[in-house]
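Engineer: What follows is a predicted structure for the sequence shown.
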Amino acid sequence: MKQRTIGGRTVSAIGLGGMPMSIEGRPDAHRSIATIHAALDAGVTLIDTADAYHRDADEVGHNEELIARALRTYGRGADDVLVATKGGHLRPGDGSWTVNGDPAHLKRAAKESAKRLGVEAIGLYQFHRPDPHVPYADSIGAIRDLLDEGVILMAGISNATVEQIDEANEILGGRLDSVQNQFSPSFRSSLRELEHCAELGIAFLPWSPLGGIANAPELSAHHAAFREVADEAGVSVYRVTLAWELALAPVVVPIPGSSRPESIRDSAAATDVELTSEQISRLSAT
């Protein structure tokens, strides 16, 4: 597994997104833990989660607890894994997603996440999504305070614009370590943020890098160039997609969600795919 850097931490170039293991349509805990263990076996050392990755209103932090259990049962081989979690999203239990960027909520949520993960300090904590009812500076100020207090070791933001990246980095005193935005062949509107992160040396973590739970199966049908390059390379279209994203900038660390061992094994193998400059140009042009 090739490596990349988030802040001062070296991590696998492909991470694991935990959301599909805890929301609607989730598998049983046995398969989810097997998926996490398969990721670790493949060399994955970055796992992304959030306190809002749950289905029912009374199970906040379901995914965090699941990941903590999987790491405990894996043993010492999980010692180097960076678990990145997020706060600022809420799930009332009716299938909807709401936001809460109140500083008091974020500080409380981070401490509760640390307890669920079983850590003294969270490796990477990210503000999940801007709250239109709370000044962005106030929300990021809470992340700064968590960093200063040692509740978290690294700070990140998610679903951010270029302007918010710069604002957050200034408030954090140049300590913004990651930006997690949606990015895939079907969703390229975050390319500007990706390129900005590359200029600043900030890790860019594409979420739904394969198009999301519902759309990933249609990736090949909707993007002919990716299917053609996959055929040329003799690998899955998913591996080609992740390899293309890795080729866009050295700060990119895709975090494909998975709930099956075979899926994360295929995704992890994307670091072995060597695309030519012509193939990269062809994929970027579509």
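Structural biologist: Nice, thanks for sending it over.
Engineer: Follow the chain on from the helix or strand of the chain with the lowest mean pLDDT and name the next helix or strand.
Structural biologist: Lowest by mean pLDDT, DSSP states H and E among the helices and strands of the chain is helix 219-222, with a mean of 89. Using DSSP states H and E, the next helix or strand after helix 219-222 towards the C-terminus is helix 224-233.
Engineer: about what we covered before: buried residues in the least confident helix or strand of the chain?
Structural biologist: Going by neighbour count (16 or more other CB atoms under 10 Å), the buried part of helix 219-222 is Leu219, Ser220. Bear in mind the C-beta positions are built from the backbone N, C-alpha and C, glycine included.
Engineer: Also stretch 259-277?
Structural biologist: Under 16+ other CB under 10 Å, the buried positions of stretch 259-277 are 259-261, 263-271, 273, 275.
Engineer: again with stretch 165-181
Structural biologist: Ile165, Glu167, Ala168, Asn169, Ile171, Leu172, Leu176, Asp177, Ser178, Val179, Gln180, Asn181.
Engineer: avg pLDDT for it?
Structural biologist: When pLDDT is averaged over stretch 165-181, the result is 98.
Engineer: so how far is it off the chain centroid?
Structural biologist: 16 Å (CA atoms, centre = their mean, to the nearest Å).
Engineer: Between the two ends of it, what distance do you get?
Structural biologist: 11 Å (CA to CA, to the nearest Å).
Engineer: same thing with stretch 152-168?
Structural biologist: Stretch 152-168 end-to-end distance (CA to CA) = 16 Å.
Engineer: How about stretch 92-105?
Structural biologist: 15 Å.
Engineer: List the buried residues for that stretch?
Structural biologist: Within stretch 92-105, the residues scored as buried using 16+ other CB under 10 Å are Val99, Asn100, Gly101, Asp102, Pro103, His105.
Engineer: State the phi and psi torsions of the closest residue to Asn181 other than its chain neighbours.
Structural biologist: Counting by CB to CB, 6 or more residues apart in numbering, Ser190 is the residue found nearest to Asn181 once chain neighbours are left out, at 4.0 Å. Main-chain torsions, Ser190, degrees, to the nearest 10: phi -90, psi 10.
Engineer: What is the neighbour count of Ser190?
Structural biologist: For Ser190, the neighbour count with other CB atoms under 10 Å is 23.
Engineer: just the strands in the chain please.
Structural biologist: 3-6, 9-12, 16-17, 46-48, 82-87, 89-90, 98-99, 124-127, 155-158, 176-180, 203-204 (DSSP state E).
Engineer: With distance to Ser139 added, can I get those strands in TSV?
Structural biologist: Formatted as TSV, those follow (distance: least, CB to CB, whole Å):
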stretch	distance to Ser139
strand 3-6	21
strand 9-12	24
strand 16-17	23
strand 46-48	19
strand 82-87	10
strand 89-90	12
strand 98-99	10
strand 124-127	6
strand 155-158	9
strand 176-180	13
strand 203-204	20
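Engineer: Pick the most buried one from those strands.
Structural biologist: Mean neighbour count (mean count of other CB atoms under 10 Å) peaks for strand 16-17 among the strands of the chain, with a mean of 28.
Engineer: So which elements touch that one?
Structural biologist: On a contact count with 3 or more CB pairs under 8 Å, 6 or more residues apart in numbering; DSSP states H and E, strand 16-17 meets helix 29-41, strand 46-48.
Engineer: Nearest to Glu218 among these would be which one?
Structural biologist: Ranking the helices and strands packed on strand 16-17 by proximity to Glu218 (CB to CB) places helix 29-41 first, at 22.0 Å.
Engineer: residue boundaries of the helices in this protein?
Structural biologist: Assigned by DSSP state H, the chain shows helices spanning 29-41, 62-74, 103-117, 136-149, 162-171, 191-200, 219-222, 224-233, 237-248, 261-268, 277-285.
Engineer: could I get the buried residues of stretch 165-181 as CSV with distance to Tyr74?
Structural biologist: Output for the buried residues of stretch 165-181, formatted as CSV (distance: CB to CB, whole Å):
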residue, distance to Tyr74
Ile165, 34
Glu167, 38
Ala168, 33
Asn169, 34
Ile171, 36
Leu172, 32
Leu176, 30
Asp177, 25
Ser178, 24
Val179, 29
Gln180, 24
Asn181, 29
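Engineer: Determine which two of those residues are furthest apart.
Structural biologist: Ile171 and Asn181 (18.6 Å).
Engineer: Any stretches of the stretch 51-200 of the chain with poor pLDDT?
Structural biologist: Counting by pLDDT under 70, the stretch 51-200 of the chain contains no low-confidence segment.
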